[in-house]
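Q: got a sequence here, can you build the structure:
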Amino acid sequence: MPVSEQPAPPVALMFAGQGAQHPRMAAGLYGREETFSRWMDRSFTLFGDDGDRLRAEWLAPEPSPLYDDVSVAQPLLYAVNHALGRMVLGWGVRPVAMLGHSVGELVAATLAGVIDFADGIRLMRGRIELFAATPPGGMLAVAAAVDEVAEVLGEEVHLAALNAPRQLLLAGESAPLADAATRLTAKGLVWREVLARQAFHSPVVAPAVTASLPDWEAAPLRSPALTVYSAYTCGVLTDGEALDPRFWAEQASSTVHFAPTLSALLADHDCRLLEAGPGNSLSALARRQPTVAAGRSTVLSLLPPGGLGDEADLRAVETVRRLLRTERTPVAPAARRTDLADSGGHRV
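A: Sure, this is the predicted structure:
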């Protein structure tokens, strides 16, 4: 087997959050990639009475009206991102760092051992009820710098995420957010609606955050066994932060500083950034980083854009696995593909 003469670059994993979901995200791997399928089945079991509903939502060819609601998007993103991360770790890859956006940070923390997976599912189940009760709202992705949107920010519209120097997310209740969109258009700024029905990362959801704190206080938290960069502190997750229930609870109403956090990670590590989740949204943001543009670090997506079909999922994963193996990154042989009938899995 040919191998590169150069040592393999270290791998850093990235996990996307709300807005990255799409119908049948990564479903082409289900029943065909053993590790991924096993963890997805475990998540549906742990979701209890909601498990069958969430599996059906996930595997349906067309999204239901609730697909972008917290009751569907958030638990599925947590489960899919986590199963993909477990699959990559199962290849023998030990990431030099992990970084998540919104719920993606909870996935990174789970893979790093801060939160047990069963507790993570329990927390996601609690989030469904609490955040579904918040006022109807959403988020806008805006191609602008912060100072360009300053006049629409205030008590009703908030900076939800700083994703790149000119890529922001704004959040708010439905009416103020619609007004903000009109004002942005008048200024000549380009925006689009994010696939979300709640105003995450804004004070709109603060009551749900407060209500969720007892669940976080009941969850055993541990120091991270792998390095996680937090998009809420723009640096490496410390033991003190990892063990603080309030730190985790308040993330849902706090601004996500993805761009500066990714810059901090790349300042510390020249690496291959691998987006281990649905879609390519974080990969697109990462390619704007100066160190990536200069060739010091590279970007790779585990999966293709949504809508290309199940076989495209499989081809993309096999391509990444072969690349990592060729570069002498520690990668296990290809997982046995099966319909998993012998291990309690489900055909799709």
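
Q: how about the helices in the stretch 201-348 of the chain?
A: 206-218, 239-242, 245-249, 258-268, 281-286, 290-293, 310-326 (DSSP state H, counting those that start in this stretch).

Q: would you mind writing the CA trace of the second one as CSV?
A: What follows is helix 239-242 as a C-alpha-only set of coordinates in CSV (Å, rounded to 0.1, in the frame of the first residue of the first chain):
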residue,chain,number,x,y,z
ASP,A,239,-11.4,21.7,33.6
GLY,A,240,-13.2,24.4,35.5
GLU,A,241,-15.5,25.2,32.5
ALA,A,242,-16.1,21.5,31.7
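
Q: list the buried residues for it?
A: 241-242 (16 or more other CB atoms under 10 Å). The C-beta positions use only the backbone N, C-alpha and C, and glycine is treated the same way.

Q: coming back round to it: tell me which of the helices of the stretch 201-348 of the chain is the most buried.
A: helix 281-286 (a mean of 22; mean count of other CB atoms under 10 Å).

Q: packing partners for it?
A: strand 11-15, helix 258-268, strand 272-275, strand 298-301 (3 or more CB pairs under 8 Å, 6 or more residues apart in numbering; DSSP states H and E).

Q: was I right to think D215 contacts M124?
A: No: with contact defined as CB atoms under 8 Å, D215 does not reach M124; the gap is 10.1 Å.

Q: thinking again about what came up before, how about the helices of the stretch 201-348 of the chain, which one is nearest E148?
A: When these are compared by CB to CB, helix 258-268 sits nearest E148, at 15.5 Å.

Q: secondary structure element for L169?
A: strand 167-173 (DSSP states H and E).

Q: so what touches that strand?
A: When contacts are defined by CB atoms under 8 Å, 6 or more residues apart in numbering, strand 167-173 is touched by residues 135-146, 149, 152-153, 156-163, 177, 180, 194, 199-202, 204, 256, 259, 285, 288.

Q: let's see which of these end up in helices.
A: Mapping the contacts of strand 167-173 onto helices (DSSP state H) picks out 177, 180, 259, 285.

Q: would you list those in TSV and tack on distance to L77 and pLDDT?
A: Below are the ones in helices among the contacts of strand 167-173 laid out as TSV (distance: CB to CB, whole Å; pLDDT from 0 to 100):
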residue	distance to L77	pLDDT
L177	21	95
A180	25	96
A259	20	97
L285	17	95
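
Q: which one of the residues you listed is nearest to L59?
A: Using CB to CB, the ones in helices among the contacts of strand 167-173 come closest to L59 at L285, 28.5 Å.

Q: pLDDT weak spots in this protein?
A: 1-6, 328-348 (pLDDT under 70).

Q: what's the end-to-end length of stretch 106-117?
A: 10 Å (CA to CA, to the nearest Å).

Q: now, the contacts of strand 167-173 that are in strands?
A: 137-143, 157-163 (DSSP state E).

Q: just the buried ones from those?
A: 137-142, 157-163.

Q: closest one of those residues to I115?
A: A161 (21.9 Å).

Q: quick one: the closest one and T255 touch, right?
A: Yes: look at A161 against T255 with CB under 8 Å: they come within range, at 6.4 Å.

Q: which residues do those two both contact?
A: With CB under 8 Å, 6+ apart as the test, A161 and T255 both reach H201.

Q: circling back to that earlier point, mind checking which of the helices of the stretch 201-348 of the chain is nearest A8?
A: helix 310-326 (7.3 Å).

Q: for L111, see how far away the closest residue in space to V152 that isn't next to it in sequence is.
A: Closest residue to V152 apart from its sequence neighbours, by CB to CB, 6 or more residues apart in numbering: A180 at 4.3 Å. Using CB to CB, to the nearest Å, A180 is found at 36 Å from L111.

Q: higher neighbour count, the two?
A: L111 (26 against 23; other CB atoms under 10 Å).

Q: so the more buried one sits right up against H82, yeah?
A: Yes: because the distance of 7.0 Å satisfies CB under 8 Å, L111 is recorded as touching H82.

Q: which residues does the closest residue to L300 other than its chain neighbours contact?
A: Spatially, and ignoring its direct neighbours in sequence, L300 is nearest to L274 (5.0 Å; CB to CB, 6+ apart). With contacts taken as CB under 8 Å, 6+ apart, L274 has the following neighbours: 11-14, 88, 95, 300-302, 320.

Q: so how far is A97 from L274?
A: Taking CB to CB, one finds L274 at 11 Å from A97.

Q: between these two, which contacts overlap?
A: Common neighbours of L274 and A97 (CB under 8 Å, 6+ apart) are 12-13.

Q: what's the spacing between L111 and L13?
A: Distance of L111 to L13, given as CB to CB: 8 Å.

Q: swap in V292?
A: For V292, the distance to L13 - CB to CB - is 16 Å.

Q: fine by me, thanks again.
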